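Asks: Turn this into a structure:
(2 chains)
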Amino acid sequence: MKVENAKISATQFMFSIVIFIRSSSLLSAFFFSITKQDSWLIVLFGTVVCIPLLWVYVALAKQYPDKSLIQINDEVFGRIGGKIVSVFYIWFFFTLTTLNLRDLGGFVNKSIMILTPNTVIISIFIILCAWSVYYGLEVVTRYSIVFTIISTAILIVSILATFNIMNFENFLPIFHQPVNSYIHGTHIISTIPFGELVVFLMIAPNVEGKEKGLAKYFYGGFFIAALLILLVILRDTAVLGNMLEFLSLPSFEALRLATLFETISHIEILFAVLLILFLFFKISILFYTSILAVSHFFKIKSYRPLILPASALIVVYSITIFENVIMHTTISRGTAPFFWAFIEMILPFITLMVSYIKKAIKKAAGSSKEASAA
Amino acid sequence: MMLFILFIFIVIFLIDFPRLIKKKQFKILAIYCCFYSLALVLSILILLDIPVTSPMVLIDSLLKSINLSY
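Replies: This is a model prediction of the structure:
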């Protein structure tokens, strides 16, 4: 049964992954305070750690080319077991949507519209996302290539504009933190932006021409995004130096210091525009996957009637999820990497292993039947 | 404020609910009602200043109690 018949091209899929990860550059503050000037190393470590993880995702998508993550769970764990596992994923998708929405609300509230209540910003934004989700996957992913080009252009301009205030001594000393903080930082970056790619397993069945090479596009998107994040972090470290760990929005502050030809300054507004674009994209994808997951879970034909009550629920959830930003940051640094790792890494791995074992048992049973028949 | 919230929820209700009844899609209707009532109850609780514990905080304290935290 298919809820959504929309097809997207593999290139759109790849650039959606790029934007999805790139939008998390806002969250770099989570690990900047832990690994300081070595944060760029953390991006490299995180990329290496996530390669086997991506392999698991690609293998799952290859094993069940026409099924989304929720349907795969039903197939692998049986009816009841599959539902139990799926509940985790649905909660995870909704929580991610909520957290990103809250990040966006917090950012707009802190930097642009200081007097507007957070709830108003969040509500207006979710209406926009609901609108794009209503028209389906094609609309959500269509602009991914344009967004990537715009964001890369802005990134290059910002690097040029800040080049005169970069101080490359800010990277020294390298490898001077305790070993634990490297492990902690790698854990955070591999679960909070990179591991969230598990949501793309919901979209993977709708990719056109995936038989030829979904893996290529999955890895390609991931590596481009990791490279862009690496550039952002290198720029922020070179510009801000020791200030990094005290700022909640390092990229925003780095661009605030930039000037171009002495006439163009305050280009941090570019960052703000970019971030809102990115988060619109990310929240739309997350919102879409969470509603799609619900409709696959209950096996209903259309997800569209659920959009409005689900958006109301997400707004209310985003108000109650954390009392304040400090709580958000402490939980995201302290325990969130652990339970995200459970959902993003351990559950897909178990699913893949169980599906392999089931296949092997089927094969053995089939061959023994043949032998007895002969 | 209460009236405003109720007004928004009534608008949401009027957009999709009659159409679902007309089409007799009762399975979707049941899920719709779950989401809708959950959102309504939570928003009223927030308005009345009754503290709602979020699942994130619950899991956080659970993991802290078994020392799985940085």
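Asks: contacts, neighbours, all on C-alpha from now
Replies: OK.
Asks: mind checking how far the residue nearest the centre of chain A is from chain B?
Replies: The centre of chain A sits closest to A:E196, judged by Cα atoms, centre = their mean, with a distance of 4.2 Å. Going from A:E196 to chain B by Cα to the nearest Cα, to the nearest Å gives 17 Å.
Asks: so that residue, which of the three states?
Replies: helix (DSSP: H, G, I helix; E, B strand; the rest coil).
Asks: list the contacts for the nearest residue to it once chain neighbours are set aside?
Replies: Once flanking residues are discounted, A:E196 sits nearest to A:E344: 6.8 Å by Cα to Cα, 6 or more residues apart in numbering or on different chains. Counting by Cα atoms under 8 Å, 6 or more residues apart in numbering or on different chains, A:E344 touches A:191, A:195-196, A:198.
Asks: redo that, cut-off 10 Å
Replies: Residues near A:E344 by Cα atoms under 10 Å, 6 or more residues apart in numbering or on different chains: A:53, A:57, A:89, A:92, A:190-192, A:194-199, A:337-338.
Asks: now the residue most central in space within chain B, nearest residue through space, not along the chain?
Replies: In chain B, the centroid-proximal residue (Cα atoms, centre = their mean) is B:A39; its distance is 2.2 Å. Of all residues not flanking B:A39 in the chain, A:L313 sits nearest, at 4.5 Å (Cα to Cα, 6+ apart).
Asks: what's the answer for A:F94, then?
Replies: Closest to A:F94 by Cα to Cα, 6+ apart is A:S290, at 5.8 Å.
Asks: hmm, back to that, right, and the residue nearest to the centre of chain A touches A:T289 too?
Replies: No. Using Cα atoms under 10 Å, A:E196 makes no contact with A:T289, being 11.9 Å away.
Asks: can you give me phi and psi for A:T259?
Replies: phi -140, psi 150 (degrees, to the nearest 10).
Asks: which element is the spatially closest residue to A:N167 that is not a sequence neighbour on?
Replies: Once flanking residues are discounted, A:N167 sits nearest to A:A238: 5.3 Å by Cα to Cα, 6+ apart. Using DSSP states H and E, the element containing A:A238 is helix A:210-240.
Asks: Around the closest residue to A:S9 other than its chain neighbours, how many other residues sit close by?
Replies: Using Cα to Cα, 6+ apart and skipping the chain neighbours, the partner closest in space to A:S9 is A:E208 (5.1 Å). By the measure other Cα atoms under 10 Å in any protein chain shown, the count of residues near A:E208 is 17.
Asks: who touches A:E208 in this structure?
Replies: A:6-13, A:214.
Asks: Dump stretch B:47-59 to CSV, keeping only the CA atoms.
Replies: C-alpha atoms of stretch B:47-59 as CSV (Å, rounded to 0.1, in the frame of the first residue of the first chain):
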residue,chain,number,x,y,z
LEU,B,47,-3.0,28.0,29.8
LEU,B,48,-4.0,27.0,33.3
ASP,B,49,-0.3,26.9,34.3
ILE,B,50,-0.4,23.2,35.2
PRO,B,51,3.1,21.8,34.7
VAL,B,52,3.4,19.2,32.0
THR,B,53,6.5,16.9,32.1
SER,B,54,7.9,16.4,28.7
PRO,B,55,9.1,12.9,27.7
MET,B,56,12.5,14.3,27.0
VAL,B,57,12.9,15.3,30.6
LEU,B,58,11.6,11.9,31.8
ILE,B,59,14.1,10.0,29.6
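Asks: Give the buried residues for that stretch.
Replies: B:54, B:56-57 (16 or more other Cα atoms under 10 Å in any protein chain shown).
Asks: Which residue ranges of chain B form helices?
Replies: Applying DSSP state H to chain B gives helices spanning B:2-23, B:26-47, B:55-65.
Asks: With the stretch 201-350 of chain A instead?
Replies: A:210-240, A:250-256, A:268-297, A:307-320, A:325-334, A:336-341, A:347-373 (DSSP state H, counting those that start in this stretch).
Asks: Mind putting those helices into TSV with mean neighbour count and mean pLDDT?
Replies: Conversion of those to TSV gives the following (neighbours: other Cα atoms under 10 Å in any protein chain shown; pLDDT from 0 to 100):
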stretch	mean neighbour count	mean pLDDT
helix A:210-240	20	88
helix A:250-256	22	82
helix A:268-297	22	89
helix A:307-320	23	91
helix A:325-334	16	85
helix A:336-341	21	90
helix A:347-373	14	88
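Asks: With adjacent residues omitted, what lies nearest to A:I192?
Replies: A:P337 (7.0 Å).
Asks: List the contacts of the one you found.
Replies: A:184-192, A:331, A:344, B:68-70.
Asks: between those, which is nearest A:K299?
Replies: Nearest to A:K299 out of the contacts of A:P337 is A:E344 (Cα to Cα; 23.4 Å).
Asks: Return the angle between stretch directions for the helix or strand of chain B with the lowest mean pLDDT and helix A:307-320.
Replies: Ranked by mean pLDDT, DSSP states H and E, the weakest helix or strand in chain B is helix B:2-23, scoring a mean of 86. If you take axes from the mean of the first three to the mean of the last three Cα atoms, to 10 degrees, helix B:2-23 sits at 150 degrees to helix A:307-320.
Asks: buried residues in helix B:2-23?
Replies: B:9, B:13, B:16, B:20.
Asks: now that helix and helix B:26-47, what's the angle there?
Replies: Using the same axes, to 10 degrees: helix B:2-23 against helix B:26-47 is 180 degrees.
Asks: Next one: B:L63 from B:K23, what distance?
Replies: Distance of B:L63 to B:K23, given as Cα to Cα, to the nearest Å: 46 Å.
Asks: Check A:N324 too.
Replies: In terms of Cα to Cα, A:N324 sits 43 Å off from B:K23.
Asks: go on, A:V49?
Replies: Counting by Cα to Cα, the gap from A:V49 to B:K23 is 49 Å.
Asks: residues near B:K27, how many?
Replies: Neighbour tally, B:K27, other Cα under 10 Å: 13.
Asks: which residues sit in contact with it?
Replies: B:K27 neighbours (Cα under 10 Å, 6+ apart): A:298-301, B:20.
Asks: Likewise for A:T97?
Replies: Here A:T97 is in contact with A:91, A:103, A:126, A:279, A:282-290, A:314-315, A:317-318 (Cα under 10 Å, 6+ apart).
Asks: And A:Q12, by the same measure?
Replies: With Cα under 10 Å, 6+ apart, A:Q12 has these contacts: A:18, A:138, A:141-145, A:207-208, A:217, A:221.
Asks: Among the residues you listed, which one has the most neighbours?
Replies: A:V18 (26 neighbours).
Asks: quick one: the nearest residue to that residue once chain neighbours are set aside and chain B, what's the gap?
Replies: Spatial nearest neighbour of A:V18, excluding adjacent residues (Cα to Cα, 6+ apart): A:A225 at 4.6 Å. For A:A225, the distance to chain B (Cα to the nearest Cα) stands at 27 Å.
Asks: No more questions from me, cheers.
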